[in-house]
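**Q** my questions concern the predicted model and sequence given below.
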Amino acid sequence: MIRLTPQPLTAAAFAPFGEVIDEQAASGFAINGGTSLRLNDLARLDPGEDGRVLFNLFVCRQSISLPHQPTVMECHPLGSQAFLPRHFARFLVLVAPPAPQPDLSQLHCFLSDGRQGVNYARGVWHLPLSSLDLETFVVVDRGGSGNNCHEVSVAGQIEVLEQ
Ligand SMILES: NC(=O)N[C@@H](O)C(=O)O
Ligand code: NI
């Protein structure tokens, strides 16, 4: 059993897997006569060569608690996938680099602070939405032809401990 303790989610630590969407950490510029601040270009959305961008809401109806043993990891080889809580939700970000199968020796585990989001780059192995809080998430990913969701069982192999 691989046991991991979630680390704080930072842009630098997550950089090999995509971007952290973090209002507190972003710098922006004033727009609309200074009435708004634009936090610009926070995530590299990638619908692939023949896909289109989908804007979705995921309503989390079953939360998780730590310690947690995930059963599935998945990846999207044809495009990126971004998650952002609409209000507040800590979610588990367990990732491995793009590969035909997830390399469990290269797992990285983070816990968002409840306001952060992430954008998984194309092909990054991750958990299906695994939130500690019941919340709705904005999810932006890729639509189009082809199989864009590869799943593998990791049942009994990984345990994510409390921080
Ligand atoms: N299946 C689906 O639409 N969602 C997953 O890709 C996920 O990462 O939650
Ligand atoms: Ni996914």
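**A** Done, it's in. Residues are numbered from 1 along each chain as shown. Ligands and ions are numbered 1, 2, ... in the order given.
**Q** show me what contacts Ile31?
**A** Listed by Cβ atoms under 8 Å, 6 or more residues apart in numbering, the contact set of Ile31 reads Leu37, Arg38. In short, each C-beta sits where N, CA and C put it, glycine included.
**Q** again with Arg86
**A** With the criterion set at Cβ under 8 Å, 6+ apart, Arg86 makes contact with Leu57, Glu135, Thr136, Phe137, Val138.
**Q** and for the protein, the residue most distant from the center?
**A** Residue farthest from the centre of the chain, counting by Cα atoms, centre = their mean, is Gly33 at 33.7 Å.
**Q** in a helix, it, correct?
**A** Yes. Applying DSSP: H, G, I helix; E, B strand; the rest coil, one finds Gly33 inside a helix.
**Q** thinking again about what came up before, which of the contacts of Arg86 count as buried?
**A** By neighbour count, with 16 or more other Cβ atoms under 10 Å, the contacts of Arg86 hold Glu135, Phe137 as buried.
**Q** so which of the contacts of Arg86 comes closest to Arg44?
**A** For the contacts of Arg86, the residue nearest Arg44 by Cβ to Cβ is Val138; the value is 16.3 Å.
**Q** for that closest one, give me the pLDDT.
**A** Val138 carries a pLDDT score of 98 in this model.
**Q** any idea what the most centrally placed residue in the chain is bridged to?
**A** The centroid of the chain falls nearest to Val118 when counting by Cα atoms, centre = their mean (4.3 Å). Here Val118 sits in beta bridges with Val20, Phe83, as judged by DSSP bridges.
**Q** was I right about it contacting Leu92?
**A** No. Using Cβ atoms under 8 Å, Val118 is not in contact with Leu92; the gap is 10.7 Å.
**Q** the chain: strands as residue ranges?
**A** 2-4, 7-8, 18-21, 29-31, 36-38, 52-59, 72-75, 81-85, 92-95, 108-111, 117-120, 136-143, 150-153, 158-160 (DSSP state E).
**Q** do you know which of those strands lies nearest Pro128?
**A** Short answer: strand 72-75, nearest of those by Cβ to Cβ, at 6.0 Å.
**Q** contact partners of that closest one?
**A** 94, 96, 98, 102, 123-128, 149-155.
**Q** again with stretch 151-159
**A** 1-4, 67-74, 94, 101-102, 104, 107.
**Q** can you say which of those are buried?
**A** Of these, these count as buried by 16+ other Cβ under 10 Å: Leu4, His68, Pro70, Met73, Glu74, Leu94, Pro102, Leu107.
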